[in-house]
Each structure stands twice: as structure tokens, then as C-alpha cells.
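Novice: Sharing a model that was predicted from the sequence below.
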Protein chains: 2
Amino acid sequence: MPLSHQDIEARLTAYIDAFNSGSADAVADLFAPDGLLEDPVGGATARGREEIVAFYAGTMGMGAKLTLNAPITSAADTGAFAFYATVGDMRIDVIELQHFNADGKITHMKAYFSNENMHKIGA
Amino acid sequence: MPLSHQDIEARLTAYIDAFNSGSADAVADLFAPDGLLEDPVGGATARGREEIVAFYAGTMGMGAKLTLNAPITSAADTGAFAFYATVGDMRIDVIELQHFNADGKITHMKAYFSNENMHKIGA
């Protein structure tokens, strides 16, 4: 049975909460074993649990926190959300897609942002 | 030369303005000749100018207007934005990707929203 919108919304909310808890393992638990992330698309990639844990441990180590910026949407097996990450005195605006398998695990995550989406807070 | 973030931001802004002007032709001008739209992903599709004009004429005929809901982001050849469409007394929250070719024309547009992203305004 395909995931419902509510299923996908719950998974994206769990992702944000796991990220903000600072546990790279908790975030990696949300991915399929061979899950792929592109963050940003065209830039860094990580595939499989070991790489994914290392990726999130790195961003969490910089103190990054995520804040949802618009309603979560979904279509078919995909969830989409706009958020901003704060890292020190920087704000990064991001739009992210997460594709899910039938088990509700992330098979492919794609984060869309560029250098021009990074701003010094208060500047 | 790949499009810059500023190029992509200008194109997405032009798309929203063209949509809100009510000209399906002006929106179709932003697409490549063989451009594809999926709106929503997993639902309606249109490919090529004739189908794209007909699609937008249909949504514009319902009186839909678009309002940006979060900063426009980009990565590689892709722009991403969160917006809501108002149609009568309904609000539809959408996250949309637009992939561009080197000429700055849309080759593939993907709109992500579900029935659960539609809300009666004020309800």
C-alpha cells in the first residue's frame, strides 16, 4: 500500500526532530540501507548507512538546526518541504525532496540550495 | 555556461508573474518546445506547447493565483520554490521543481502536492 500524505508528513517531521536531536544514527535509521542523499544536488553525496551517518555527524558537528518554513507537501511516494538551517550566524534556505519505499524508508534525498541561499543572520 | 542562482530566481519569478497575469501563452513561453510538466507528480502531465497552454488555460480559467511562500532555492540546473495557490475559497500548498536547459527554458516541471494540501481558507 502506498504511503499516505499523513505517513509522509509524519516521516518528514520525524526527520527534522531526529536531526535537531543531534543523533546522526537516529537520522540514518530513517533511510533505506542503500539510501542515497544529495545535499546539495550536484554537490555532496552519501550512499549507505556508514556514509549517511558520517554526513549527518559532520553537519550536526557544526551545530546545524532545522526549522520548517512552509507546509509539508507530498505527491506519490515523495515528500517535499521548505526549511532553513541555522549554522552559527548563518541561515541556509533549502527545499528538500525525500523519496520513500513501501516500508517508509528514504531511498533518495535531494536538497536544493546554492551559495546564494546562505545569508548571515541579521545582515 | 550553466545558469546562475540569480538566473534561476529570475526565471521562477517570471513564471509566477506570468501565471498571475493570466496568460497561458506567456507561461508556455518559459518552457522548452518539448517541455514536460507533472502537476501534481503522479497525476496530470502535459508535454509540448499545445498541451502546456491547454493545462495552464484550464487552471487560470478556475481563477488560480500563486503566492511565493518561502525563499526560492536552486541547485545545479534546477530551481525550487514553495508557494500556495488560491482557487476560489481554497488554498493549495505546493512545492515545485523546475529543471532548465542551457537556454534557460523549462525542460521538466514537477509540482508536489496532495489532496491533504488543499484547505478551505478560513476553515
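Specialist: Perfect, thanks for sending it. Source: prediction; values computed, not measured.

Novice: Might you enumerate the residues of chain A proximal to chain B?
Specialist: Contacts of chain A with chain B, taken as CB under 8 Å from any CB of the partner chain, map to A:5-6, A:9, A:40-43, A:69-71, A:73-76, A:78-82, A:93-95, A:97, A:111-117. Just so you know, the C-beta spots here come from the backbone N, C-alpha and C atoms, and that holds for glycine as well.

Novice: Can I get the buried part of the residues you listed as one PyMOL selection?
Specialist: To isolate the buried members of these in PyMOL, using 16 or more other CB atoms under 10 Å in any protein chain shown:
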select buried, chain A and resi 5+9+40+41+69+70+71+73+74+75+76+78+79+80+81+82+93+94+95+97+111+112+113+114+116+117
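
Novice: Just the residues of chain A next to chain B: which are in strands?
Specialist: Counting by DSSP state E, the part of these found in strands is A:73-75, A:78-82, A:93-95, A:97, A:111-112.

Novice: biggest separation within those, which pair?
Specialist: A:75 and A:93 (21.4 Å; CB to CB).

Novice: need the ones in strands among the residues of chain A next to chain B in CSV with pLDDT and distance to residue B:63, can you?
Specialist: Below are those laid out as CSV (pLDDT from 0 to 100; distance: CB to CB, whole Å):
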residue, pLDDT, distance to residue B:63
A:73, 98, 21
A:74, 98, 25
A:75, 98, 23
A:78, 98, 28
A:79, 98, 29
A:80, 98, 25
A:81, 98, 27
A:82, 98, 25
A:93, 98, 30
A:94, 98, 32
A:95, 98, 27
A:97, 98, 29
A:111, 98, 34
A:112, 98, 30
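
Novice: show me the residues around residue A:65 that make contact.
Specialist: Residues in contact with residue A:65, defined by CB atoms under 8 Å, 6 or more residues apart in numbering or on different chains, are A:19-20, A:85-86.

Novice: which residues are contacting the helix or strand harbouring residue A:12?
Specialist: Assessed by DSSP states H and E, residue A:12 sits inside helix A:5-21. With CB under 8 Å, 6+ apart as the test, helix A:5-21 has contacts from A:3, A:26-27, A:29-30, A:56, A:60, A:64-66, A:68, A:72, A:74, A:78-79, A:81, A:83, A:98, A:100, A:104, A:106, B:114-117.

Novice: Check the gap between residue A:43 and residue A:102 for me.
Specialist: Using CB to CB, to the nearest Å, residue A:43 is found at 29 Å from residue A:102.

Novice: likewise residue A:91?
Specialist: 36 Å.

Novice: between those two, who's got more neighbours?
Specialist: residue A:91 (18 against 9; other CB atoms under 10 Å in any protein chain shown).

Novice: For the more buried one, list the residues it contacts.
Specialist: Residue A:91 sits in contact with A:84-85, A:118-121, where contact means CB under 8 Å, 6+ apart.

Novice: Selection in PyMOL covering whichever of the contacts of residue A:65 are buried, please.
Specialist: Only the buried entries of the contacts of residue A:65 go into this PyMOL selection, using 16+ other CB under 10 Å:
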select buried, chain A and resi 19+85
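
Novice: can you redo the contacts of residue A:65 as TSV with pLDDT?
Specialist: Shown next, in TSV, are these (pLDDT from 0 to 100):
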residue	pLDDT
A:19	98
A:20	98
A:85	98
A:86	97
